[in-house]
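Trainee: Can you look at this prediction? I've put the sequence above it.
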Amino acid sequence: DAKTTQPPSMDCAEGRAANLPCNHSTISGNEYVYWYRQIHSQGPQYIIHGLKNNETNEMASLIITEDRKSSTLILPHATLRDTAVYYCIVNGAGSYQLTFGKGTKLSVIP
Amino acid sequence: EPEVTQTPSHQVTQMGQEVILRCVPISNHLYFYWYRQILGQKVEFLVSFYNNEISEKSEIFDDQFSVERPDGSNFTLKIRSTKLEDSAMYFCASSRFPGAGNTIYFGEGSWLTVV
């Protein structure tokens, strides 16, 4: 699986959009970009995933660059409950495992 | 919303004892997984399971570990003879299908403390 690079930490003001970047410059054509988050020591929570098109669901939006070498997760109106570690993961066809990195620790500040 | 459930939420065991962690995956899911996270470290893949067979395992998943689907709903992880370094949060997960484009859902974890 391709590796990802994320900033170790970010702050965001409550109510503002949180934009979390991820670089995955070695991603191959059949690999998806996944985002999970982990609040304290709870189980990783699925947020969103995409292949090449931008995706939106009730939690977040995922913007993938045209060359697919990077992506941004957008939480449109961050709340204190969004404080967590966010993981960007690249996963290919037929792969059974997700490879977690250190992620980005997002702190939402009142 | 369907979810993966795990029991126990916390277990303390003595070194050398056998431990069984239990999981109920999401009902229409076919692929099951165990991950672990040692305190302060990354979430690590242990094993995946499909059709009553291990489909993939990591180097961590040695002979001390085993998995089983004893009935139509439960999925278990057994550690035969626990060591201090087995202390970690163990996450069960499941998905309808494996790999790209399919979503893996995680349970809340079982915290294992080996003393």
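Mentor: Looks like it came in fine. Numbering: from 1, shown residues only, chains lettered A, B, ... in the order given.
Trainee: I'd like to know how many residues surround the closest residue to A:His40 other than its chain neighbours.
Mentor: The spatially closest residue to A:His40, leaving aside those adjacent along the chain, is A:Ala84, at 7.8 Å (CB to CB, 6 or more residues apart in numbering or on different chains). C-beta here means a position set from N, CA and C on the backbone, and glycine is covered the same way. Using other CB atoms under 10 Å in any protein chain shown, the number of residues around A:Ala84 comes to 21.
Trainee: Contact partners for A:Ala84?
Mentor: By CB atoms under 8 Å, 6 or more residues apart in numbering or on different chains, the residues touching A:Ala84 are A:37-40, A:105-106.
Trainee: So what pairs up with it in the strands?
Mentor: Counting by DSSP bridges, A:Ala84 is bridged to A:Leu106.
Trainee: can you tell me how far it sits from A:Gln42?
Mentor: 9 Å (CB to CB, to the nearest Å).
Trainee: Now the two most distant members of the contacts of A:Ala84.
Mentor: Distance extremes for the contacts of A:Ala84: the farthest pair is A:His40 and A:Leu106 at 12.8 Å, using CB to CB.
Trainee: Which of these two has more residues huddled nearby?
Mentor: Between A:His40 and A:Leu106, counted using other CB under 10 Å, the more crowded position is A:Leu106 (21 against 7).
Trainee: Tell me who's in contact with that one.
Mentor: Going by CB under 8 Å, 6+ apart, A:Leu106 touches A:9-12, A:18, A:20, A:78, A:82-86.
Trainee: give me that answer again for 10 Å
Mentor: A:7, A:9-12, A:18, A:20, A:37, A:73, A:75, A:78, A:82-86 (CB atoms under 10 Å, 6 or more residues apart in numbering or on different chains).
Trainee: out of the residues you listed, which are buried?
Mentor: Buried members of these, scored by 16 or more other CB atoms under 10 Å in any protein chain shown, are A:10, A:12, A:18, A:20, A:37, A:73, A:75, A:78, A:82-86.
Trainee: residue with max distance from the center of chain B?
Mentor: Distance from the C-alpha centroid of chain B peaks at B:Gly101, with 22.0 Å (CA atoms, centre = their mean).
Trainee: pLDDT at that residue, what is it?
Mentor: We note a pLDDT of 78 for B:Gly101 in this prediction.
Trainee: Need the nearest residue in space to it, chain neighbours excluded.
Mentor: Nearest residue to B:Gly101, sequence neighbours excluded (CB to CB, 6+ apart): A:Tyr32, at 5.7 Å.
Trainee: is that neighbour in a bridge, and if so with what?
Mentor: With DSSP bridges as the rule, A:Tyr32 is bridged to A:Asn91.
Trainee: Contacts only, for it.
Mentor: Applying CB under 10 Å, 6+ apart, the residues near A:Tyr32 are A:49-52, A:64, A:89-93, A:95, B:99-103.
Trainee: Nice, that's everything, thank you.
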